[in-house]
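1. Here you go, sequence then predicted model.
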Amino acid sequence: MLLVLGESGRDAISKLIKCKCDCGNIKLTRIKYLNRGYVKSCGCLRTKEFPVTKQREYFIYYAIKTRCYSKKSNHYHRYGGRGIIMCKRWLYSYKNFIADMGMRPSKEHSIERIDNNGNYEPSNCKWATSSEQSNNTISNNVLSFNGESLTTTQWERKTGIKRKTITRRIGMGWSIEKTLTTPV
């Protein structure tokens with residue numbers, strides 16, 4: 001939405017660029033922000049296309065792209081560094097991301113990959129609460145018993161046996177059945 005009109009000096013950090021926004025406003029911004037795509041309008045985009053209700057979803061979308069494609073991201077090694085990418089349909093279009101995912105159901109929801117080793121794509125993503133997400137991490141110990149596969153935290157809730165007790169019993173060589181059925 002910004003048309004570069006020319007250089008406009010420097011601030012303490014970098015070159016400043018003078019731009020004209022599609023809405024008619026003039027915007028002065030750092031060249032590096034423009035080059036990196038951080039600045040897309042004079043600020044009107046935030047209020048027109050992304051009203052407050054959509055801003056959080058945009059930040060989630062942007063964070064996904066960053067951790068998958070920016071080696072400077074603190075979390076790149078857990079995402080892009082492991083080969084996890086964002087599908088092309090979403091990579092180039094926030095609108096497609098919202099069309100596929102919808103708005104998040106509440107402030108407590110964020111994006112979750114169903115298969116922790118899978119990519120960010122419609123068939124592998126859902127909105128989930130932090131407690132739901134904590135059951136889908138690489139470090140979780142999943143135990144299968146009586147046709148159910150649950151994390152130790154989920155088994156704790158179901159059986160009343162503390163997670164640490166379950167973990168200790170398994171570590172001592174107890175069977176899963178004995179671990180989950182023997183009262184404390």
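-> Yep, that arrived. Numbering: from 1, shown residues only.

2. Domain ranges for this protein, per the record?
-> 2-46, 50-134, 142-181 (automatic domain parsing).

3. Take the ones you listed and write them to a markdown table, including mean pLDDT.
-> A markdown table is the format used below for the domains of the chain (pLDDT from 0 to 100):
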| stretch | mean pLDDT |
| --- | --- |
| domain 2-46 | 81 |
| domain 50-134 | 88 |
| domain 142-181 | 91 |
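
4. Restricting to C-alpha, output stretch 82-97 in CSV.
-> Only the C-alpha atoms of stretch 82-97 are listed here, as CSV (Å, rounded to 0.1, in the frame of the first residue of the first chain):
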residue,chain,number,x,y,z
ARG,A,82,13.5,-29.2,11.7
GLY,A,83,12.0,-28.7,8.2
ILE,A,84,8.6,-27.5,9.3
ILE,A,85,7.1,-25.1,6.8
MET,A,86,3.9,-23.2,6.2
CYS,A,87,1.8,-24.4,3.2
LYS,A,88,2.0,-22.1,0.1
ARG,A,89,-1.7,-21.3,0.4
TRP,A,90,-1.0,-19.5,3.7
LEU,A,91,2.5,-18.4,3.1
TYR,A,92,1.5,-15.7,0.7
SER,A,93,-2.0,-14.9,2.0
TYR,A,94,-3.2,-14.0,5.5
LYS,A,95,-6.7,-14.0,4.1
ASN,A,96,-6.3,-17.6,3.1
PHE,A,97,-5.1,-18.5,6.5
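
5. what's the offset of stretch 6-19 from the middle of its chain?
-> Relative to the centre of its chain, stretch 6-19 is centred 33 Å away, using CA atoms, centre = their mean, to the nearest Å.

6. scratch that, stretch 85-94
-> Worked out by CA atoms, centre = their mean, stretch 85-94 lies 13 Å from the chain centre.

7. distance of residue 171 from residue 20?
-> 66 Å (CB to CB, to the nearest Å). No exception for glycine: its C-beta is placed from N, CA and C like everyone else's.
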